[in-house]
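Enquirer: return a 3D structure for these sequence lines:
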Amino acid sequence: MWAGEAQYVYMSIADALKAAGARVCLFAAVSEIGATFRSRGTDFTLTLRIADQSRTTGISVTFFANNTALLPCVKSSGDVISLHNVVITMHCGELFVTFDKKSSSFALFEGKASTELRPYQTSIKYQESQQDDEILTNMRMWLAYHPPGLKDLELQLRSVKSDLTFDLVCKVLHVCQASSSEWIFYVWDGTDAPATEFQTFLSTEAFTSAPLHLEETPLPREVLCTLPCIGTVLRIFSNKFSKEILHLQRNIYWARFCNITCKQEFGIWKGTLLASSRVRLLSNEDGSVVERLKMYDSRLTTQVHRQPMASLHKASDITDVEFNRAGYTTLMESLTNEQVTHKFKTLVRVVSAYPCQGSDLHSLLTGNHCLRLTLEDPTARIHAYVHKDDGVRFFGGFLTAAALTRKMNRLLGVPEPEEADKDNPLARNPPWIWCCLKSYRLDKYDPWGSRRYRIFGTEIRD
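Expert: Have a look, this model is predicted:
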């Protein structure tokens, strides 16, 4: 570090809280990064939460500056901050730290133990102390064993479970308010949410259809086209407004959603913010963010890893497809394709079918009806139709009603007859199948609104 004559006496956070109204010096780890707002006056304000060995729950520090460039720019939660001449303030019975832009100063250091001792950002008036190196080293040693955040409860989308409270580090892609006054966060971390099982009654299967999305209305195309084409985009619902929403709407932030829960609705994962949930903004240089981006970049390097994670080594041989040598395309890649009409090969599950009983399917092959399948992969759900011209090939010929039912049940993951109970709900787990799809339009004046999908060049094996 640079040489200096200044001497500062650093206090632990616990001791500093006993000195309300006093000016103190602190050396602590940044556990939460807030968003920058304009105050009621002309200043900009930022709130960080800091912690040390004496108070792991931390305390809030509020900064003021007439220029955002003068505020701390924390690279990652877990970085270390040195604060000089800050004030312990009480408001509404709660103690917090106030940074006085005229007399206070700060320095930010990386929290990793292997980094150098020089700060990566300092305020204009900051002067280092001779004891800074030793305190910083001790703080990094403590952080190595006590990293900020609930690491034991941190999950990725690929490992979410129903009714479990956990933390999720993800990028917020879009935020909108539903008509029911709920807020919906569209979040992504580059992995695929687990494939779900469906609880259903066999006798009513023909009359039920899995919805394509949890929202009341689908996303506008201009928003849809900004979403990633690989990895699940989870919808997290909240019935309360938070100040972070204003910043998350800009599609530039990664965040840690703390104490959230997930459940399945219609086979789609739905996240929920609880009363105890919190949203912590993260820097793009945060260790958790960097780790997820590296995993995603690695996933993109090979064609097979772009396929659904749940399908790896599990893709069934139920179907034969015409485009054997065609590359793999996700449903989101097709939905966001700049061409309305196109053909592609994909790997999906059939989560619903109408009709799906043998007698109705038999009339499909001999009449003018069509079969509607609901297909899903980790990125999206769509309806795809099997028309009469393709139906005979799809089912492998003009079959009996019983044979057609048997093939349809294989697609839907319906248990064998001896395992099923018509009066009780049964669990079905549709297999992953390859199929060829082509998009078409019904109205040339509304090509995107009237776009539909049709299965072709695909046959269910015996």
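
Enquirer: going forward, measure contacts between C-alpha atoms and count neighbours the same way
Expert: Will do.

Enquirer: give the contact list for residue 58.
Expert: Residues near residue 58 by C-alpha atoms under 8 Å, 6 or more residues apart in numbering: 13, 31, 49, 50, 51, 52.

Enquirer: now, the most widely separated pair of those residues?
Expert: Maximum pairwise distance among these (C-alpha to C-alpha): 13.5 Å, between 13 and 31.

Enquirer: hey, what's in contact with both of those two?
Expert: Contacts common to residue 13 and residue 31, judged by C-alpha under 8 Å, 6+ apart, are 51, 58.

Enquirer: show me which of the contacts of residue 58 are buried.
Expert: 13, 31, 49, 50, 51, 52 (16 or more other C-alpha atoms under 10 Å).

Enquirer: least confident of the residues you listed?
Expert: Lowest in pLDDT among these is residue 31, which has 88.

Enquirer: so who does it touch?
Expert: Applying C-alpha under 8 Å, 6+ apart, the residues near residue 31 are 48, 49, 50, 51, 58, 77, 78, 148, 149.

Enquirer: neighbouring strands for the particular helix or strand that has the second one in it, and are they parallel or not?
Expert: To tie it back to what came earlier, the one meant is residue 49. For residue 49, the element it lies in under DSSP states H and E is strand 44-52. Sheet partners assigned to strand 44-52 using DSSP bridges are listed as strand 23-33 (antiparallel), strand 37-38 (antiparallel), strand 55-65 (antiparallel).

Enquirer: sec struct for residue 352, please.
Expert: strand (DSSP: H, G, I helix; E, B strand; the rest coil).

Enquirer: setting aside sequence neighbours, what's the nearest residue to it?
Expert: Nearest non-adjacent residue to residue 352, counting by C-alpha to C-alpha, 6 or more residues apart in numbering: residue 374, 5.0 Å away.

Enquirer: shouldn't the one you found be within a strand?
Expert: Yes - assessed by three-state DSSP, residue 374 belongs to a strand.

Enquirer: endpoints of stretch 350-364, how far apart?
Expert: 18 Å (C-alpha to C-alpha, to the nearest Å).

Enquirer: how far does it sit from its chain's centre?
Expert: Distance, stretch centre to chain centre, for stretch 350-364: 35 Å (C-alpha atoms, centre = their mean, to the nearest Å).

Enquirer: renumber starting at 21 from here on
Expert: Renumbered: residue one is now 21, and that last one reads stretch 370-384.

Enquirer: how about residues contacting it?
Expert: 225-230, 389-396, 408, 411, 418-425, 428, 431-432, 450-451.

Enquirer: and those residues, which of them are in helices?
Expert: Per DSSP state H, helices hold the following members of these: 408, 411, 421, 422, 423, 424, 425, 428, 431, 432.

Enquirer: relative to residue 481, how far out is the third one?
Expert: By that I understand residue 421. Between residue 421 and residue 481 the computed distance is 16 Å (C-alpha to C-alpha).
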